[in-house]
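**Student:** Sequence first, predicted coordinates after that:
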Amino acid sequence: MSDVKITLAEVEHVARLARLALGADERERMRSQLDTILGYVEQLRRVDTAGVEPTAHVLPIVNVMRDDEVRPSYPVDAMLANAPDPHDRQFRVPRIIEE
Amino acid sequence: MSDWTRLTIHETVTALRDGRVTARALVEAYLERIGLLNDTLGAYLTVAASTARTQADAVDDRFRRGEPLRPLEGVPLAIKDVLCTRGIRTTCGSRILADFVPPYDATALVRLIGDGAIVLGKTNCDEFAMGSSTENSGFHVTRNPWGLDRVPGGSSGGSAAAVAADLAAGGLGTDTGGSVRQPAALCGVVGLKPTYGRVSRYGLIAFASSLDQIGPLTKDVRDAALLLETIAGHDPLDSTAAGEPVPDYQAAVGRGVEGLTLGIPDEYFVAGLDPEVEHAVRDAIRVLERCGARTRRVSLPHTDAGVATYYIVAPAEASSNLARYDGVKYGLRAGDARDLVSMTASTRAAGFGPEVRRRIMLGTYVLSAGYYDAYYAQAQRVRTLIRRDFARAFAEVDAIVSPTAPTPAFKIGEKTDDPIAMYLNDVFTIPAPLAGVPAISVPCGFSLTGLPIGLQVIGKPFDEATLFRVAGAYEAARGTARRRLEIAPVPGARPA
Amino acid sequence: MSPGWETVIGLEVHAQLLTRSKMFCGCATAFGAPPNHQTCPVCQGMPGVLPVINRRAIEFGIRTARALHCRVNGKCRFARKHYFYPDMPKNYQISQYEAPLAEEGWLEVEVDGAARRVRIERLHLEEDVGKLTHEGGVFETASTSLVDFNRAGVPLMEIVSRPDLRSPVEAAEYLRSLRTILRYLGVCDGNMEAGSLRCDANVSVRRTGATELGTKVEIKNMNSFRHVRDALEHEAARQTRALDRGERIVQETRLWNPDRGVTVSMRSKEYAHDYRYFPDPDLVPVEPAPAWVAAIEQELPELPRARRQRFVAEYALPPYDAELLTSDRALADYFEEAVRVHPNPKALANWIGSELLRELKGDPAAVTATPVRPAGLARLVALVDEGTISGKMAKELFERMARTGEEPDPIVRREGLRQVADEGAIGRVIDEIVAAHPDVVGDYRRGKKQAAGFLVGQVMKATQGKANPQLVNRLLAERLGTG
């Protein structure tokens, strides 16, 4: 039996970081699946990458910038058309403090 | 059922230009066929019937007034539902965006519509493009037109199925780990993943930003070249859309393979490869040799590490790109929200399917403090090694040929229990996006049970022209007659 | 600060840049638009959008970096900083992490005449977040909040000092100097009340002479120099009191509450943020060309400290005057323009420091809008120096100039402000007054020297205030003194 790659506590921590509610039954299933996947990707640790730069971009381009010019903004109604709870032309959200 | 729906894009353009069919009649023909078959196939999520009719009428008006016709005037296309279409629902195959209507068009759509194309509808896909079978769609399954109990591949299964079943003249998909090429292979159509940065990603709802590319799914190679010419090129709205000039890709299609050297990678012809697939692909390579191409073996030593590399990098970027879906600004919001944090957590749990949730968890984990270097940074270093593999190979050969997928289309439900088994479907398609290089899949035969098999050609950065030469030559040698699919609509079928 | 304890402070300053458009999209940055009227899919973080860097923001960052003696890195990158909050549309902020725009500079800070270099660790660019308003106006009790994304995406420059500051006064002075520099450079308007300049602090205490740093506490919600000084003073005292009692300092974030005069713990259940930084794949690296950096550096204006020192040397101004005049670049420019017209720097400095500043309601930056232009003020001072008008008249003249925007000469002509300097005319008036008040004259001659004041007053009244006062005094003294 290979060693455990991820614990239930870690799964709960990650779920909080990712804002994903996991039901009690789901937690162990998720843990187990992640464990399997992490076990698979472990093989990368054995690849010799000494002195190799990580790929941050596959393209060799740099310095892509735009001029400081104002372009027309979008009409406010278009910007709020998909809002779940628009109010006063703003996005309304429930209580921000964590209960 | 009309024969107009059998035509390729370029044949359609000619027919419209010659006045043999009106744009409206063409759209009606497609809409009729969609009406007949979409319940069975589940290719489309949204059929934009009224806007398509309106646009078709506008095309016919231009024609009547003698106005100059644009390159894609009146051509009806199927668009994968991860591409933003202004005023048309765009869901990414996800319940979290079930009612999202973008206020803007993706740049690729602006260019297609600017050239006269018509959006017939938005096609089904694996949720947020995560998957290899379209079974991860939050809405319904898409069936492979070549075998209704089979998957069409993924994540662009809807567009591939639509094109294969003549429910559109052509279409767009997106490819991150193989999501255009693999469904193309499984559905017997042509599918291209351009070089990273060849086509603007503005308006492509992001999955993995350093890998995603928009690509054509078409009935023949020339159509793919035509669509690529339209959508490729520098975009001021996308910093990664390179300024490389766009060559005449259609001209490359007929140029032949005389003088080209093709590489056959050792690591792609190993155990696990379906013998029928190997047979068809090796046959195709022999055809290319007879057309005048030289072949030699090459080695891409880090191929084995590709899937693992991809399944760290892509979920990491996805976990970041999908953080915006929080029930605040657009999309689903969970109903009984006491407070924002629990509202967001419930919204995301309810709106995202299991594969997406899994990848968000995995991605968040590999980016988190303490794990970043061992996983994400290490994966990006291995990615550099994979890029170097290709660079070294391309010093010796002009293009690399391989199977696109390890097996023909598998059965619906066959691989859904085992994520790793599903991930291994991408083993041949994953390396190209990791290296940022272009690759095309072209049909190269059928299994004994009549399921399509695809030949993949991988090219140098910004050398899609060579891909079109090779694929075009092969297609011409094989004969362009397409096996016509007869699909018996299942009476009363609703997409599952 | 209690004896035996030393305060250690580092400041993190966020400055909104004065670009016309946002950091990653073309929406305007102008303040005051109705909510969500200055947004687009990019700054709203809609599905499918991509950022594109504003070149001028990079330029402003380089300009500031060189003014603060920072090294501009040859290659810098943008990174994603992840956390969930409703004012951040993507739930990550595009910022810079491992490869910032510039590093390792310094700023000289003067307190009580002693100057010290405060090191600057890094300077980087990022995007601002939207604005939240809370139902009922109170965050703690609001059941809902509203989000406005107009501000989301405005370019922010973050400047982080090393923990080199040793007192709240010094910290406030660092902030003041930095603000003045940013305004001189034209990169930020430095308005703390409006939030275009924000300051957070990291504070710890340690025994005097100790080399290790104590546990640091982050202090937020300081909206003015005053707040910075008061909050840091309070926090340093709180920490030393706690340590004296044998308690440990908790590493946390505390908010300054100006009404109660205390820092309050942000009692959130958030364990330390894990921002999961990684290089933003949507943006390619920025490698500022050395020629570009050099050109920007060459165009740097004379900075506040240098200008102040030059004013003292070149114009022989007292340090206080030089400090006031250079506290705002526009004011310093105004002064120098006026001096070019009429070279009496001391008088001009006085006029600017009193009448003009009063006219500007104490806000030096408003000098660009005042109707009294530098040449006009210079002419006014010249008229006084020539003796054409008296000092008292000059004040009235100034009032009129401020009201009408007219040049001084037309006003003088029209209103007859020209003071009377004709000895004969004044002499005749004096004779009349002296004749009319023999008893006062008698008082004066008997030794009550103040009586002259009454007579001077009468002369001024008789001449509608236009008599040259020095002349009146002299002539009166002659009339009375010898007698």
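**Tutor:** On my side now, so go ahead. Bear in mind the structure is a predicted one, so any value in this text is a computation, not a measurement.

**Student:** tell me the SS of the residue sitting nearest the centre point of chain C?
**Tutor:** When CA atoms, centre = their mean is applied to chain C, the residue found nearest the centroid is C:Thr180 (5.2 Å). Look at C:Thr180: counting by DSSP: H, G, I helix; E, B strand; the rest coil, its state is helix.

**Student:** Please look at it and C:Ala330 and confirm they touch.
**Tutor:** No. Using CB atoms under 8 Å, C:Thr180 is not in contact with C:Ala330; the gap is 11.6 Å. To be clear about C-beta, it is placed using only N, CA and C from the backbone, and glycine gets the same treatment.

**Student:** and the residue nearest to the centre of chain C, what is it in contact with?
**Tutor:** C:Gly190, C:Pro304, C:Thr326, C:Ser327, C:Asp328 (CB atoms under 8 Å, 6 or more residues apart in numbering or on different chains).

**Student:** Tell me how many other residues crowd the first one.
**Tutor:** What that stands for is C:Gly190. 21 (other CB atoms under 10 Å in any protein chain shown).

**Student:** quick one: contacts for the residue in the stretch 51-200 of chain B that chain C sits nearest to?
**Tutor:** Closest to chain C within the stretch 51-200 of chain B is B:Cys84: 4.6 Å, counting by CB to the nearest CB. Going by CB under 8 Å, 6+ apart, B:Cys84 touches B:Thr90, B:Pro102, B:Tyr104, B:Asp105, B:Ala106, B:Leu109, B:Gly203, B:Leu204, B:Ile205, C:Pro47, C:Gly48.

**Student:** and chain A, which of those reach it?
**Tutor:** The residues of the contacts of B:Cys84 that also fall near chain A, by CB under 8 Å from any CB of the partner chain, are B:Tyr104.

**Student:** Closest to B:Phe139 out of the contacts of B:Cys84?
**Tutor:** For the contacts of B:Cys84, the closest approach to B:Phe139 (CB to CB) belongs to B:Thr90, at 12.9 Å.

**Student:** so the closest one sits right up against B:Leu97, yeah?
**Tutor:** Yes. Applying CB under 8 Å, one finds B:Thr90 in contact with B:Leu97, separated by 6.8 Å.

**Student:** Chain A: helices as residue ranges?
**Tutor:** For chain A, the helices defined by DSSP state H occupy A:8-17, A:24-41, A:76-80.

**Student:** got the contact list for the residue in the stretch 301-450 of chain C positioned nearest to chain A?
**Tutor:** Closest approach between the stretch 301-450 of chain C and chain A, counting by CB to the nearest CB: C:Pro301, at 19.4 Å. Going by CB under 8 Å, 6+ apart, C:Pro301 touches C:Tyr184, C:Leu185, C:Gly186, C:Arg329.

**Student:** if I pick the last one, what's in contact with it?
**Tutor:** The contact partners of C:Arg329, by CB under 8 Å, 6+ apart, come to C:Arg183, C:Tyr184, C:Pro301, C:Pro304.

**Student:** Report the separation between the third one and C:Arg63.
**Tutor:** The gap separating C:Pro301 from C:Arg63 is 10 Å, by CB to CB, to the nearest Å.

**Student:** if I look at those two, which residues touch both of them?
**Tutor:** C:Leu185.

**Student:** Could you measure from the residue nearest the centre of chain A over to B:Thr344?
**Tutor:** With distances taken as CA atoms, centre = their mean, the residue of chain A nearest its centroid is A:Ala18 (6.3 Å). Distance, A:Ala18 to B:Thr344, by CB to CB: 10 Å.
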